[in-house]
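Trainee: Starting from these lines, generate the structure:
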Amino acid sequence: VSTHDGKVLVTLDQTIFFPTGGGQSCDIGTMNGLPVVDVYEYKDDILHCIDCAPDALQSGDSVHLVLDWAHRFDNMQRHCGEHILSGLICAAHHCDNVGFHLGADTVTIDFNADIPWEELLEIEGQANRYIQEDHPIDIQFHRGAELEAIDYRSKKALEGDVRIVAFPGADCCACCGTHVLRSGQVGLVKFLSVQKFREGVRIELLCGKRALEYLSKTWEQAKAIGQRLSVKPVDSEAAVERLEGELTSLKLRCTQLEESVFESIAKEQAGKGNVLLFQPAMRPDSVRRLMDAVSKTCGGLAAVFAGEEGHYAYALGRADGQDISPLVKTMNTVLHGRGGGRNGFAQGSVEAERSAIESFFKENGYGICD
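Mentor: Sure thing, here's the model as predicted:
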């Protein structure tokens, strides 16, 4: 028993806890009822990090170890799901698994080959059929000539007894991790994404209980969407496409109506010089287009603020391109704003009341018409 950085570290003559390594997180659980929060290798020792007082455990004590089985089984499902998928992918694409990580949420695997999504989905189907067939997993130690005779994935020159984990018909690999007894215990595998990574791809996936929970949540969401769209869950994509088309048409119609309104406002401000306008909340692009229309007719600075008390989006501009950057810089400071521009144009937002905006322009020498 020792301490380091305020942590109690325990080494045992033997342990049931798997240490962090090979892309897999460690086991957790208890030692004499005390939480085991981390397990890792240091030189030739396996260190158990215990959340307890320094004198709670003494050298020479006999200890009772209890695994957090749910955590261990989750790691086993994810690890073995990776085995099955990596074996099938490497066989189909004659590539190597060059990276593996059991993350907090998902599993990632890196391969040194470009693997299309469509082909990954075919392999996903093969893997799930293999899981459903419930094949036994074979784990044996081999060495020397016996080891040399075995064809296993990522074969390297290794000394002594080597632990070979075989998923007959799917994968065979040297591995020291934790594994299920039969493929059926993996439950399910589901690819989530594939993206370019270095000289190949990085695949993100879920296995076992995590995959089932994810698909269940996805189904519930699809069902809720279907109910709101009055379609079956499996038909929601087509319904969303229809809504997207309708939304595009409505946006076009709104833009056309806005242009008509903006043109009318611009005519009302013709020849008035500097103009300050307040409008209801609008999209930033709409604020800019209104300012642009007014600046072409007013003959001075066009300042448009759209929003509600306390928060406004703004667009300022002059048709003659006169520099307004000093004004904008001061305005942003005084009115708690952000944004900018050039060539007689600026756009952004301010956190200020309407009265403060009006006072700013008056105090800075702008005879504003509103």
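
Trainee: The helix or strand bottoming out on mean pLDDT in the chain - contacts with which helices or strands?
Mentor: Ranking every helix and strand in the chain by mean pLDDT, DSSP states H and E puts strand 2-4 at the bottom, with a mean of 83. Contacts defined by 3 or more C-beta pairs under 8 Å, 6 or more residues apart in numbering; DSSP states H and E place strand 2-4 against strand 7-10. (Glycine included, C-beta is placed from N, CA and C.)

Trainee: I'd like the average pLDDT over the strand it packs on.
Mentor: The pLDDT scores in strand 7-10 average 91.

Trainee: same check, this time on stretch 93-105
Mentor: Averaged across stretch 93-105, the pLDDT comes to 91.

Trainee: do the same with stretch 119-139
Mentor: Mean predicted confidence for stretch 119-139 is 97.

Trainee: and that stretch, how far out from the chain's middle?
Mentor: 27 Å (C-alpha atoms, centre = their mean, to the nearest Å).

Trainee: CA atoms only: put it into PDB for me.
Mentor: Listed next in PDB are the C-alpha coordinates belonging to stretch 119-139 (Å, rounded to 0.1, in the frame of the first residue of the first chain):
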ATOM      1  CA  GLU A 119     -20.000  -1.600 -47.800                       C
ATOM      2  CA  LEU A 120     -19.800  -1.000 -44.000                       C
ATOM      3  CA  LEU A 121     -23.600  -1.500 -43.800                       C
ATOM      4  CA  GLU A 122     -23.200  -4.900 -45.500                       C
ATOM      5  CA  ILE A 123     -20.500  -5.900 -43.000                       C
ATOM      6  CA  GLU A 124     -22.700  -4.700 -40.200                       C
ATOM      7  CA  GLY A 125     -25.400  -7.100 -41.400                       C
ATOM      8  CA  GLN A 126     -22.900 -10.000 -41.500                       C
ATOM      9  CA  ALA A 127     -21.700  -9.200 -38.000                       C
ATOM     10  CA  ASN A 128     -25.200  -9.200 -36.600                       C
ATOM     11  CA  ARG A 129     -25.900 -12.500 -38.200                       C
ATOM     12  CA  TYR A 130     -22.800 -13.900 -36.700                       C
ATOM     13  CA  ILE A 131     -23.800 -12.600 -33.300                       C
ATOM     14  CA  GLN A 132     -27.300 -14.100 -33.600                       C
ATOM     15  CA  GLU A 133     -25.800 -17.500 -34.600                       C
ATOM     16  CA  ASP A 134     -24.200 -17.500 -31.100                       C
ATOM     17  CA  HIS A 135     -20.800 -18.900 -31.900                       C
ATOM     18  CA  PRO A 136     -18.500 -20.000 -29.000                       C
ATOM     19  CA  ILE A 137     -15.400 -17.900 -28.400                       C
ATOM     20  CA  ASP A 138     -12.100 -19.800 -28.200                       C
ATOM     21  CA  ILE A 139      -9.300 -18.400 -26.000                       C
END
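
Trainee: Isn't residue 318 up against residue 324?
Mentor: Yes: contact status for residue 318 versus residue 324: in contact at 6.3 Å, counting by C-beta atoms under 8 Å.

Trainee: Could you tell me which residues touch both of the two?
Mentor: Residues touching both residue 318 and residue 324 (C-beta atoms under 8 Å, 6 or more residues apart in numbering) are 301, 344, 345.

Trainee: Mind giving me the PyMOL command for buried ones among the residues you listed?
Mentor: The buried residues among the shared contacts of residue 318 and residue 324 can be selected in PyMOL (16 or more other C-beta atoms under 10 Å) with this line:
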select buried, resi 301+344+345
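
Trainee: Which of the shared contacts of residue 318 and residue 324 fall within strands?
Mentor: 301, 345 (DSSP state E).

Trainee: Relative to residue 285, which of the shared contacts of residue 318 and residue 324 is nearest.
Mentor: residue 345 (13.3 Å; C-beta to C-beta).

Trainee: and the closest one, bridged to which residues?
Mentor: Beta-bridge partners for residue 345, by DSSP bridges, are residue 317.

Trainee: and the residue located most distally from the centre of the chain, helix, strand or coil?
Mentor: Computed with C-alpha atoms, centre = their mean, the residue of the chain farthest from its C-alpha average is residue 271, at 53.0 Å. Following DSSP: H, G, I helix; E, B strand; the rest coil, residue 271 is assigned to coil.

Trainee: who touches it in this structure?
Mentor: By C-beta under 8 Å, 6+ apart, the residues touching residue 271 are 297, 298, 299.

Trainee: tell me the mean pLDDT for the helix or strand harbouring residue 212?
Mentor: Using DSSP states H and E, the element containing residue 212 is helix 208-229. Mean pLDDT, helix 208-229: 95.

Trainee: Go through that helix and flag the buried ones.
Mentor: 208, 210, 211, 214, 222, 226, 229.

Trainee: other SSEs contacting that helix?
Mentor: helix 69-93, strand 189-197, helix 236-268.

Trainee: Going by neighbour count, list what's buried in the shortest one.
Mentor: Looking back up the chat, that one is strand 189-197. Applying 16+ other C-beta under 10 Å to strand 189-197 flags 189, 190, 191, 194 as buried.

Trainee: Could you export those residues as TSV, including distance to residue 239 and pLDDT?
Mentor: Output for the buried residues of strand 189-197, formatted as TSV (distance: C-beta to C-beta, whole Å; pLDDT from 0 to 100):
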residue	distance to residue 239	pLDDT
189	29	98
190	24	98
191	25	97
194	27	96
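
Trainee: Show me where this structure dips below the pLDDT cut-off.
Mentor: Along the chain, segments meeting pLDDT under 70 span 367-370.
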